[in-house]
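**Student:** got a predicted structure here, sequence first:
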Amino acid sequence: MSMGWIILIVIVAAVLFGVTIYNRLVAGRNRYKNAFAQIDVQLTRRHDLIPNLVETAKGYIKHERETLEAVINARNAAVSGLQAAAADPTNPEAIRKLSQAEQGLSGALGRLFALSEAYPDLKANQNMMQLSEELTTTENKVAFARQAYNDSVMDYNTLRESFPSNFVAGWFAFKAAELLEIEDVAKREVPKVSF
């Protein structure tokens with residue numbers, strides 16, 4: 001009779017242990033989804049600033065249409081990437097595409113700011129200076145939000161891959177989360193904005 005109780009206690013302990021691990025995995029996934037929501041807020045703000053920046057620049061650098069169109073196209077690609085990633089932050093491919101789109105946008109903005117250096121009137125324009133300052137501030141907030149997201153992803157992935165959590169994660173199909181990275185070290189820097 002006592003062997004039956006021991007087996008029952010072991011089974012109950014194993015079930016409770018499994019439930020605890022499952023709940024920790026759910027909490028980790030929810031933390032990185034919340035962290036992504038913070039990135040979403042900052043990237044949306046960044047994307048909303050860009051059309052105003054382009055409109056301000058358009059009056060001064062009319063013959064540089066290619067650069068302005070490249071910024072708008074890169075912004076549109078980044079908005080699409082953000083929408084796809086925000087719809088499902090657990091989709092690694094959507095996060096990779098967002099990362100690539102944001103890299104393209106940063107490069108296009110960098111070219112626009114480099115070009116604007118050649119136009120003293122544009123550099124002195126009050127709207128351009130204000131938008132550039134807001135964009136710089138937003139870039140800093142994006143960097144902080146991305147760091148918090150990547151920390152949450154790393155914690156979740158570590159839990160997901162650790163023994164014995166990896167068994168529970170496998171049984172309940174907890175997918176690995178994707179870090180939001182910028183692969184090129186030169187692109188990790190915020191575009192220099194000085195007017």
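**Tutor:** Arrived safely.
**Student:** any chance you could list what contacts stretch 49-57?
**Tutor:** 68, 71-72, 75, 105, 109, 112, 116, 122, 125, 127-128, 131-132, 134-135, 138 (Cβ atoms under 8 Å, 6 or more residues apart in numbering). For every residue, glycine as well, the C-beta is placed using N, CA and C.
**Student:** over to stretch 68-87?
**Tutor:** 36-37, 40, 43-44, 47, 50-51, 53-54, 57-58, 61, 91, 94-95, 97-98, 100-102, 104-105, 107-109, 111-112.
**Student:** in helices only, show me the contacts of stretch 49-57.
**Tutor:** 68, 71-72, 75, 105, 109, 112, 116, 122, 127-128, 131-132, 134-135, 138 (DSSP state H).
**Student:** can you flag the buried ones in those residues?
**Tutor:** Buried members of the ones in helices among the contacts of stretch 49-57, scored by 16 or more other Cβ atoms under 10 Å, are 68, 71, 75, 105, 109, 112, 116, 122, 128, 131-132, 134-135, 138.
**Student:** out of the ones in helices among the contacts of stretch 49-57, which one has the weakest pLDDT?
**Tutor:** pLDDT across the ones in helices among the contacts of stretch 49-57 is lowest for Leu122, at 79.
**Student:** low-confidence regions, this structure specifically.
**Tutor:** 1, 182-195 (pLDDT under 70).
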